[in-house]
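# Take this sequence and fold it.
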Amino acid sequence: MKLPGHDAIARQAGDLVTHRVKLPKKVVERPIRQVVKRLLMALLVLVATALVVYAGHDGYHDNADDSVDLLDAFYYATVTLSTTGYGDITPVGDGARLTNIFVITPLRVLFLIILVGTTLEVLTERTREEWRLNRWSQRFAGCATARLGCTSSTEGQATRVSGQWHTAGLRPLSLCGLHPAKLPQ
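Numbers count the residues shown, from 1 in each chain. The predicted structure is shown next:
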């Protein structure tokens, strides 16, 4: 068995270039940016709902003072979108009820999708990244690595000489499902 650096190609030190293979990165937005973006979408849905309610305020009844102003519209939108529904402000006119069916209900569903989506995205991002890292390292464990620090007992080095990748004492790249053309140039 040849030791790393003792084969004929490795002795041609003039053209020897060693590259470090890095785990491919998926471009992912930072979690705080995702949360802020979804929070803004949720606020947009809330404002749109409040404006729809305020535009048809004559069709709503408030048990406290019989009129619905802008503050009551935002309160109704918040209570309705969160599916709490206290019942103190209710749609009484036909137009307000139709608006609730065809406009407010889809906005409520959209609001809940945004909230649930944010929760799932934030909670699963770390798990997804760990799964991807483990899958990648298991696939290439024992293969020609460029100081990856794989979990296998075989750690070696892939070198590039005159534009060609070579391994020293490790399995060929093709056995690992890795084509030399896909390595960094």
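
# Count residues in the vicinity of the nearest residue to Gly85 once chain neighbours are set aside, would you?
For Gly85, ignoring the flanking residues on the chain, the nearest one in space by CB to CB, 6 or more residues apart in numbering is Val79 at 6.1 Å. Where you see a C-beta, it was placed from the backbone N, CA and C, and this is true even at glycine. A count of nearby residues for Val79, using other CB atoms under 10 Å, gives 15.

# element containing Val79?
If you go by DSSP states H and E, Val79 is part of helix 70-81.

# what packs against that helix?
helix 31-55, strand 60-62, strand 89-91, helix 105-139 (3 or more CB pairs under 8 Å, 6 or more residues apart in numbering; DSSP states H and E).

# Need the winner for burial among these.
Comparing the helices and strands packed on helix 70-81 by mean neighbour count (mean count of other CB atoms under 10 Å), strand 89-91 comes out on top with a mean of 20.

# Can you list the buried residues in whichever helix or strand comes after it?
Using DSSP H and E, the next helix or strand after strand 89-91 towards the C-terminus is helix 94-99. The neighbour-count check on helix 94-99 (16 or more other CB atoms under 10 Å) flags Ala96, Thr99 as buried.

# avg pLDDT for helix 94-99?
The average pLDDT within helix 94-99 is 95.

# Good, wrapping up.
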